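Peer 1: Below is the sequence, then the predicted model.
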Amino acid sequence: LLVLEGYGGLRRRVRRSIRQHDDVERLALLQAMELSLQGVNDWYQRWASRLAMAAREFPQHAERLNRQAASHQWLAHQAPRTFAEGVQLIYGVICLAQLEGFRNLPLGRLDQILFPLYANDLAARRVTADEAQACLNELADKLAGNGDVHDVTLGGCTVEEGHNAANELTMMLILAAGQAGVPGLNPVLRCQSETDAKLLTLMALCAQEQVLFPAILNDTTQIPALLAAEIPVELARDYAAVGAPGIGLAGYSGPWANGQVNLTKAVNLVLFNGIDSLTGLRLGPATGEPGTFAEFQEAYKQQVRQLFTVELQRLRESIPGQASPLFSMLIRDYILRGRDLHQGGAYQPGGQILQLTGMGTALRCLGLVRQWVYETPRFTLHRLRALVNANFSGALSDGAWLLAAGHDLHLMPEWLTCLETELLS
């Protein structure tokens, strides 16, 4: 909506909605939105003035700086005219989000949002593919330095027909994220049977570099799941990532916060009686020295519950509770409803996504403890603690043997799944 209408279009919508409402609370929110839009206008105008001043200070760059100053003056109240202005608008939204306390803002289906501007510029010969790639690279470089990770959803299907929606910008955005070499712009690829293998290969290379958090979402499972939840088909086809573990409805979702509980960390806490062996800090309850594997399991449950509780509380505190008139406007239909995104203004309410991570490693650790400490004793818990403190040094033959040892995982996945179900309930 913002790319299509600009901040001026939002202001016209706000003024129409003010004329339609007489509820005092809603009118107050709508008037706050209009004040926020005036603040956005002033913010862009200040940047335009600073760029014009820089053009005079650095005449060798005057042409580019004056062009950027003119773009900022335009974006203060109009929709972007070019691909470069579209990218600048997106970056401006991120800067404004940080001013309002929103971190790690997901950018939605950016290849779909920007493609009409790119296609028009390409047809009019205002930009080349290489220039567009350089522009996206600059965006990724800027985001790599702001301390946040911004998921950008790529590919997927068209809203109207459900056909493959990948375009030239899909690959360009993956390349831009990869060349930055630092987390910032984070690619999330929606794939289906028609997805080009080259895109999957690029995503694999991003993962191999271990500097990004790329994710791949499967449309053939995600969209039916949304439809089963009675989400309209046009919204289900337009879903986007809101953090690697979760998805939301593009333009219809409230703010989300992501958190993780490390299931392997809980094994460490059992071994050290609730103390984190890396930091020496108490992170869990004192569960003592388990004499049987059943006692070890019960202690493990207590440690996971504590990690879960602490992370859940952190998530609840991380979503801003104050009204957000500026970012409520970016939620579709909010202006008509006249409600803040924290107070029912979003079609899909926000919330918390809590991911249980390290399940495979946790299962391996628990299996090793059960088999080689309790069932076929080769180690004591005291010896395991010594190995952990030594980081399983190669000089310790027991550590090398344990890392290579096999074990029986019979019933362990089912047990951990039951624990996960218990936590979620």
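Peer 2: Received the coordinates, thanks. Just so it is clear, the structure is predicted and the values come from calculations on it, not from any experiment. Numbers count the residues shown, from 1 in each chain.
Peer 1: got a pLDDT number for the residue nearest to Leu326 when sequence neighbours are not counted?
Peer 2: Distances taken as C-beta to C-beta, 6 or more residues apart in numbering put Ser36 closest to Leu326, at 4.1 Å, once the chain neighbours are dropped. In short, each C-beta sits where N, CA and C put it, glycine included. Predicted confidence (pLDDT) for Ser36: 90.
Peer 1: what does Leu354 give?
Peer 2: Predicted confidence (pLDDT) for Leu354: 74.
Peer 1: Ala70 too?
Peer 2: Looking at Ala70, its pLDDT stands at 96.
Peer 1: Check which helix or strand it maps to.
Peer 2: Element membership of Ala70 [criterion: DSSP states H and E] is helix 62-75.
Peer 1: Buried ones in the next helix-or-strand element following that helix, by neighbour count?
Peer 2: For helix 62-75, the following helix or strand on the C-terminal side (DSSP H and E) is helix 83-99. By neighbour count with 16 or more other C-beta atoms under 10 Å, helix 83-99 contains the buried residues 83-90, 92-94, 96-97.
Peer 1: try stretch 379-390
Peer 2: By neighbour count on 16+ other C-beta under 10 Å, the buried set for stretch 379-390 is Phe379, Leu381, Leu384, Leu387, Val388.
Peer 1: how about low-confidence regions in this structure?
Peer 2: When residues are selected by pLDDT under 70, those of the chain lie in 210-211, 243-245, 250-258, 318-323, 331-353, 392-425.
Peer 1: For Ala183, give me its contacts.
Peer 2: Not quite, residue 183 is Pro, not Ala. Each residue near Pro183 by C-beta atoms under 8 Å, 6 or more residues apart in numbering is listed here: Ala144, Val149, Val211, Leu212, Phe213.
Peer 1: Kindly write the ChimeraX command that selects the buried subset of these.
Peer 2: The following ChimeraX selection, which keeps only the buried ones among the contacts of Pro183, applies the criterion 16+ other C-beta under 10 Å:
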select :144,149,212
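Peer 1: quick one: the strands in the chain?
Peer 2: Using DSSP state E, the strands of the chain run over 150-155, 185-191, 215-218, 239-241, 247-249, 256-262, 351-357.
Peer 1: got the angle between the second one and strand 150-155?
Peer 2: Translated: strand 185-191. 30 degrees (axes from the mean of the first three to the mean of the last three C-alpha atoms, to 10 degrees).
Peer 1: Return the list of strands paired to strand 185-191, each annotated with direction.
Peer 2: Counting by DSSP bridges, the strands paired with strand 185-191 are strand 150-155 (parallel), strand 215-218 (parallel).
Peer 1: Could you do the fourth one as well?
Peer 2: Under the criterion DSSP bridges, strand 239-241 sits next to strand 247-249 (antiparallel) in its sheet.
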